Structure formats: structure tokens, C-alpha cells
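S.K.: What follows is a predicted structure for the sequence shown.
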Amino acid sequence: MEDMLFYDRMQFAFTITFHYLFPQLTMGLSLIIIYFKWKFLRTKTQKYNNAAIFWMKIFALNFAMGVVTGIPMEFQFGTNWAKFSELTGGIIGQTLAMEGMFSFFLESSFLGLFIFGEKLLGQKLHFLTGFLVFLGSWASGYFIIATHSWMQNPVGYEILENGKYVLNNFSALFSNPWLWPSYLHNQAASMVTSSFVVAAIGAFYLLNKKNEEFGKLFVKTGVIFGLISSVLLAAPTGDFLAKNVEKYQPVTFAAMEGIFHTEEGGSEIILIGQPDVRNKKLDNKIAVPNILSFLTYGNWNREVKGLDQFSEKDYPTNIPLLYYSYHIMVGLGTIFIGIMALALFYLFRKKLFTTKWILWMLLFLLPFPYIANTTGWFTAELGRQPWLVYNLLRTAEGASPTVSSGNTLFTLLGFVGLYLLLGMLFLLQVGKIINKGPAPVKN
Amino acid sequence: MELFWYVVVMSMLGVYIVLDGYDFGAGIIHLFFAKTEKDKKAITSAIGPFWDANEVWLVAVGGVLFFAFPTLYASAFSGFYLPLIMILWLLIFRGVGLEFRGQFHHPMWEAVWDKAFGIASLLLALFFGIALGNVVRGVNLGMVENGVSSTEAHYFFLPLWNPSFSPQAVHLGIIDWFTLLLGIIGVVALAIHGANWIIFKTKTSEMNVKLKDVILKLNFVLLALVITSLFIWHIIEPEPFQNFLDHPLLIIFPLLTFTGLFGLFKVKSFQKDGKGFLFSSLFLIGGFASTAAAIFPKVLPSTNNINPALTIYNVAADEYGLTVGIYWFVIALLLVGVYVFVQYKIFNGKMDDVGYGEH
């Protein structure tokens, strides 16, 4: 039984982690694309349209990857988490089905038009199709986070005598206090990924002395969008979300912050340290006193509940990984603000495009928003453990009862192999598009 | 309320079969009948701008099934675990073949992805046929052995096959000679359907003239297979057509099926290129609806007499959820109608020159 659950979890974790590498770019990128398209409509400068078309190609490829790796996500609810699906399908099936009906059709229909239809449609309608693609992808995120929020903080349901959960308040799914903080935080994070990618490709062009006109445009756009979204990521959205975790999942909060013992007179914030769960302590700790209390409650001296206040059976199953995920995310988020602020400072002094070390930094920053997004989601998902639906259904009770671990391992290995191939092909093609660059502007 | 959602799910599945069916069919035609680079390009251009959107129907069906019939979703998806995951792999592989083929102009690279696209399409058609066969035949719900269930009454698990390959064995497999027959029907029917789509969406060419020959020949094979399967169905299910005797109105579905099937024998005399596609769509929808109607209200029959079959009534979500669902669903469906209309309006006509895969 233990094995079976392990492989089910591994497969979901692997496939969702790989899947989310793509939507985190496309959601934010769709906004940057329609920004370029809008600038083109306003200024009639060809450069902006070529930029929009260039990023549309990268968008389309990422979108296709998101679609093909997204279908297995939906299917796995039924294949690997049958018990969970049976119990909760009447509730979260609503938001998942709404995602399919409201977002996917919108996105996929208008993406085709956006890619193939520029000449057929004319510029204004072409902008509109781009806008609808943006709308579809953000709506998709909204419905998924609504589903996710129900699992973190179930609302609007009752439990029948036969143990099934049934929906009794549809609108509660959308007024879930978990939903907006998560959604906004997630969308800001998606903006971070896309603007950092745009800046990195721009830096690459400038350093390479190729497509320099676009290099400047991309770096400038990426840095401005990047700083705005990195700041939004920390405050108000990140702050808001952390307070939510403290309110609804205090044990998770204690674990991710690494607070083993409740301290009277205010809790320290832990910057670095390795959790030792068995001995309930943190090795090699570097911490700043009282900050956590202030950040959480606006009060320097109020105590934050440590893990010692909770029963061990409700501890998140993997405290060290949860702790590291959270700290990596927060650490990177802080560094992002610093680097982007610095880059913006150089931009204002008109030195950014010639300051090589910053351009190199922007280029090498490319993978880090992906790491931050991934660790952020690890924080959310590991933090919810040992629950599949918080305080309602334990993860162990949600798996498919009849699928053996041998079968799950077989499909897990298959997914690993297939996604490796897919990842290589993706990189090959992205490399080709970037190397070719945007269409040069004819004067 | 259950009936409403049953009709919704079945209709959406029907739309999916017709739409992605021509994608798979075009892949099968691509595998066997596309000889020149020009033929291949015509085929991929005919499905290029659509296949992504067509697969959205699968995701949408999955979503609606999940929310309206969660117990069926849970039971069938975990019970048919292996073939479902394999269908996902094949869908991915097929998409990869289509999208990455144009990346390098090298004969070996192109040959590999051509085959990947074609073979994955063929296997998908086969698997979907086999899936339909499994639903008709039923499964050992509750995994009963010697009169005792070994799991909850609505759960099961089927391996891909069992040594006997028999639909009447105690230990069933996904693939047996009955479900395999339906799988082959799936391949033949979708090959015809795909050929019709290619004729519809590409300019008249040597290939299209030849495809009409292919359609005609395959149609004879299809007729023979369909009749065989109807006889065999009698062997495994004593009264498979009882529903049609009780509700004569349902006979409209088999009538549609045979209109589609017999209509296609005249494929060579069709003046309009879209006519063949219309007939093969009729066959697919009619055939699918007839099968669903024959086992209604069951959605997954039980092969033992201890655990009852899954019906639309014992797998549905609660009344309140199903009722509120109607409001958003109707709005969404109207919107989808608008998108589909806009999309097909703009990509109207012959697609040869879209230049798919060259962006």
C-alpha cells in the first residue's frame, strides 16, 4: 500500500512539475505579446509588431507543450486518484469542467486565428484575437486555482451519510478566501517568469550583437515588467498568501518557516538552516529575531505557533523539503527585486544596454523564475500534506484502490522517458526560433 | 437531470469522435497512401490548424464527465488505467510528430516523424475502438472471484490482455477477440472518415482521386465487419437489441449509421467534396449513439451477477451540483458555438496553402 501511494504521488508530482513549466510562461507572455501588439497599433512602428510575432511563436510552442502535458493532468485524477475523484468530483469537477468549457476553447480557437490569421483579419482584429488568447489563458489559471483553493480550504460543501461530499453552495467556490491571494500571487509569478525570459533573450541579443534593436526593446520591456511583477509577488500578494497560510493552516506555516518551538516574546525569521526533524531543531541557523512575528501579525512580540503546538500526525509529511521549497522561493523572490531594481536604475541612466555584467546577469537569471515558481508550488502542495483535501481527506485515502504499484511505476517511467524526449525537442525548437530572431524591420 | 447530463456527455463525445476522428483518419491515410511530399503536405495542412482545438473536446468531455458522473470517472479511469495512459502517450507522440517534423529538412528526420504520426494515429483509432468494445462487453465490477468481491462494488482493474483473449472468460482483458474486432472497425471507419476530410479540405489531386477508390474498398470491408460484430454481440449478450424493441424511436440511430455506410458506396459520383465527410460523420455518430442506446441506462455493464452495472443513476453527482451546472454550461456552450463558427468561417475552403509546420 505504501509503495502504491508513493508512485502515485511521484507520478503526479513529476507530470505536474513538468507541465507547469509551460503555462507559467504563456500566461504572462500573452500579456507582453498584446502589449507589443497594442504599442504597434498606437505607434504604427513595425518593430513592435515583429516583436509580437516573434514572441507569439515562442508562445505557440509553449502552449502546445502545455496542452499535451496538461491532458494527462486531468486524466490522472481518475486514473491514479479515483477515490478522491469519486468523493469530490461533484465539487471540484465543476471548476475543472468550467476550465475546459470556458478557457480551453477560447484559447485554442483564437490562438489558431492569432497565428495564421494576421493577413486575413487585419491588425485590429488580430489584436483582438491576441487579447482573447490572453483572456483564455488567465481564465484557465483562475479555474485551476479555484480548484486548488478548494483542496487547500474546502468550502460550500456538506458530507452525506454515505460519506460523499456534495456541493451546496456554488458561489462559495469563487468566494473562497484562499482563491484571490493564490491567484494573484500565481499570476504575478507567471509575469515574473515571462518578463525575465523576455529580458534574458534581449540580453542575449545585445551581448551577441545580433538583432540589437530588438535586444534593447526586450531588455527594457523585460526589466520594467520584471520589476513591477517581482514587487507585486512579494507584496501584497506573497504577504497576503503567507498570512492566509498562517490563518488556515498554522501547522504548515510553522513547518515552512522552520519554527520547531514556540517562542514567547516574538518569533525570529529563519534565513538559512537545515531542519533536523527527529531532534526538532535547526542546524547552522542564521535568523533575525522578532521579524516573523512582525511580518505575520504586525506585532514584534506576538508569538507564532511552532510545530510543538501541533499533533505529529498532522505534520506535513516532508518538512525539510517544504521548508527548503519555501525558503528557496522567498530567497529568489528577494534577489529578483534587487537585480531588477538595479537594472532599472541603469536603464534610467541610459547605461543598461552597454553594461555587460548586468546583461550577463539578466541572461543567467533565466532559469531562476522557473525554480521559484516550482518551489512555490511545492510549498503549496507539500504544505497541504498529509491532507489531499485539507482537514477532510488524507492523501493516503484518495488513491485508486485497484491500480497496483507495478502499473503506476510502469506509467511513471513511461512519462519520464516521453517527457525527456519532449523536453529535448522543445529546447531544440526554441533554440532555433531564438537563433533566427524576430523578422528584421525594413526601413 | 442525470439524463440531461448523459445526453450532454454523449453529444460532446460524439463531436470529439467526428473531429479528432478525422485527425486520426488522416494520420492513417498519411501512413499508407501518401506517397509524395506534396501529398503529405496536403494532409498535414488539412488538419494542421484544427487538431489542437479538436483535442480540446477530449479535455472538455473529461471535465464534464468528472463533474457530472464522478463515480463513473473514478471507476472507469482507474479500471482502464493502462490503455488510458497509453492513449495519452499516443496523443502526445502524434502531436510531436506533426509539430516537429518540419524542423529539419532531412529525409531521415522527416521519415521518423511521419511514421510516428501515422502509427500513433492508427493505434489511437484501434484503442478507441477497443475502448468502445470494453464498454459494450462490460467488466468484472468489484473484481469478483468465486462469488466474492475483492474491492468496492464499483471498482475494477483490467490488464491489457489475458491468455484466453476471450470476452467470456472469468479473467477479462482489455483486448480480446471481440474488443479487437471493434478496434479494427475503428481503424477502418476512421481511415474512411479521414480520407473524406482530406478530399474535402484539399484541392483535387491524383491522391484525392485514388482516395475515393480507397474509400470504396474500405467501405466493403467496414460493412462486412459491422455485420460480423452484430452477430458476435449476440453471442456475448443474449438480447442486445431489447432497448430498440422497447423504444422504437431509438431505431433512428442505426438508421443513421446505415445511411452513412451505404451512402458512401456512391462516393465516386459525389459532386461536392464535403459530401463524403458528411456520410462518414453520420456513420460515426450513428454507430456511437446506437451502441450507447443499446446498453442504456447502463454506462458500464457488469459481467458478474453480484455487483450491479454502473448506470447513469448510480454514478451521477448530487442534484444541486447538476442543476447549477446547467446555467454555466449553457452559457459556455453558446460561446463555444461562436468560436467554432468564427474559426471554420475564417479557415473555410481548401487548406493546401496554409503551409502548416513551416512557421
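M.R.: Okay, I see it.
S.K.: going forward, measure contacts between C-alpha atoms and count neighbours the same way
M.R.: OK.
S.K.: Where does pLDDT dip in the chain?
M.R.: Just going to use chain A. Applying pLDDT under 70 to the predicted model, the residue ranges of chain A that meet it are A:1-2, A:443.
S.K.: Correction: the question concerned chain B.
M.R.: Within chain B, the segments meeting pLDDT under 70 span B:349-359.
S.K.: And for A:Lys37, the neighbour number?
M.R.: 28 (other CA atoms under 10 Å in any protein chain shown).
S.K.: swap in B:Ala224?
M.R.: When neighbours are counted by other CA under 10 Å, B:Ala224 registers 12.
S.K.: and it, that one's in a helix?
M.R.: Yes: the assignment for B:Ala224 is a helix, going by DSSP: H, G, I helix; E, B strand; the rest coil.
S.K.: So what's the gap between the host helix or strand of B:Phe178 and the chain middle?
M.R.: Assigning secondary structure by DSSP states H and E places B:Phe178 in helix B:177-201. Centroid separation between helix B:177-201 and its chain, computed with CA atoms, centre = their mean, to the nearest Å, is 9 Å.
S.K.: Okay, the spatially most distant residue from the centre of chain B and chain A: tell me how far apart.
M.R.: For chain B, the largest distance from the centre (CA atoms, centre = their mean) belongs to B:Asn146, which lies 35.1 Å off. Look at B:Asn146 and chain A: by CA to the nearest CA, to the nearest Å, they are 18 Å apart.
S.K.: Spell out which parts of the stretch 151-300 of chain A neighbour chain B.
M.R.: Those residues of the stretch 151-300 of chain A that sit near chain B, judged by CA under 8 Å from any CA of the partner chain, are A:Val166, A:Leu167, A:Asn168, A:Phe170.
S.K.: Next step: the residues you listed restricted to strands.
M.R.: Secondary structure of those is defined by DSSP state E; positions in strands are A:Val166, A:Leu167.
S.K.: Let's see if you can find the most crowded of the residues of the stretch 151-300 of chain A next to chain B.
M.R.: By neighbour count, taken as other CA under 10 Å, the most surrounded of those turns out to be A:Leu167 (26 neighbours).
S.K.: does that residue have beta-bridge partners, and which?
M.R.: Here A:Leu167 sits in beta bridges with A:Tyr157, going by DSSP bridges.
S.K.: Show the contacting residues for A:Ala439.
M.R.: Under the criterion of CA atoms under 8 Å, 6 or more residues apart in numbering or on different chains, the neighbours of A:Ala439 are A:Asn50, A:Phe54.
S.K.: what about it, which SS state?
M.R.: Local secondary structure at A:Ala439 is given as coil here, using three-state DSSP.
S.K.: cool, and the one 3 residues further on?
M.R.: Secondary structure state of A:Lys442, per three-state DSSP, is coil.
S.K.: number of nearby residues for it?
M.R.: Counted by other CA under 10 Å, the residues lying close to A:Lys442 total 6.
S.K.: repeat for A:Leu120
M.R.: Other residues within reach of A:Leu120, judged by other CA under 10 Å, total 12.
S.K.: how about the nearest residue to it, chain neighbours excluded?
M.R.: With CA to CA, 6 or more residues apart in numbering or on different chains as the measure, B:Ile346 is the residue that lies nearest to A:Leu120, at 7.8 Å, once sequence neighbours are left out.
S.K.: List the contacts of the residue most central in space within chain A.
M.R.: What sits nearest the mean C-alpha location of chain A, by CA atoms, centre = their mean, is A:Asn373, with 4.4 Å. Under the criterion of CA under 8 Å, 6+ apart, the neighbours of A:Asn373 are A:Gln24, A:Ala189, A:Ser190, A:Met329.
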